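# Just to be clear, the model below is a prediction. Sequence and coordinates:
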Amino acid sequence: MNLLLIRLIIFAVLFFAGLKLYRMYREWKLDRDGPQQDGDQGNRMVRCRWCQVHLPEDDALRERGDWFCSGEHRDKYLAERKEEQKEENKQERDD
Ligand SMILES: [Zn+2]
């Protein structure tokens, strides 16, 4: 009877220790990956489509669902997309 009680207590202790460790691990992980989640409070980070640099949404430019760090990069990206579309059209005509 006593042995059973001791086993039960040991199991309970192990269980709670495991739970606590798991919670600590989760908090540690949240701390480490945190910055992405803080983003929802108005200062979300977005990535420039052209140079892949990350910057706050407030400082970024938006064009047709894409983000850019500056007007220069936006123009470069749009110019390149135009070129690509032109070439696609050309290929279609060649066929
Ligand atoms: Zn850029």
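Alright, I've got the coordinates.
# What segments of this structure are helices?
Per DSSP state H, the chain carries helices over the ranges 2-38, 71-94.
# In the last one, which residues are buried?
Judged by neighbour count using 16 or more other Cβ atoms under 10 Å, the buried positions of helix 71-94 are 73-74, 77-78. C-beta: built from backbone N, CA, C; applies to glycine.
# swap in stretch 49-64?
By neighbour count with 16+ other Cβ under 10 Å, stretch 49-64 contains the buried residues 49-50, 55, 60-61.
# Tabulate these (JSON lines), appending pLDDT.
Written out in JSON lines, the entries for the buried residues of stretch 49-64 read as follows (pLDDT from 0 to 100):
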{"residue": "Arg49", "pLDDT": "96"}
{"residue": "Trp50", "pLDDT": "96"}
{"residue": "Leu55", "pLDDT": "94"}
{"residue": "Ala60", "pLDDT": "95"}
{"residue": "Leu61", "pLDDT": "95"}
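# The residues you listed also near the ion: which ones?
When Cβ under 5 Å from the ion is taken as the criterion, the members of the buried residues of stretch 49-64 that contact the ion are Trp50.
# Just the ones in strands from the buried residues of stretch 49-64, please.
Among these, DSSP state E puts 55, 61 in strands.
# For this protein, which residues are neighbours of the ion?
Counting by Cβ under 5 Å from the ion, the residues of the chain close to the ion are 48, 50-51, 69, 73.
# re the thing from before, from the buried residues of stretch 49-64, which is closest to the ion?
For the buried residues of stretch 49-64, the closest approach to the ion (Cβ to the ion) belongs to Trp50, at 4.5 Å.
# neighbouring contacts of stretch 82-95?
With contact meaning Cβ atoms under 8 Å, 6 or more residues apart in numbering, stretch 82-95 is reached by no other residue.
# What ranges in this protein fall below the confidence cut-off?
When the per-residue scores of the chain are filtered using pLDDT under 70, the ranges that remain are 1, 34-42, 94-95.
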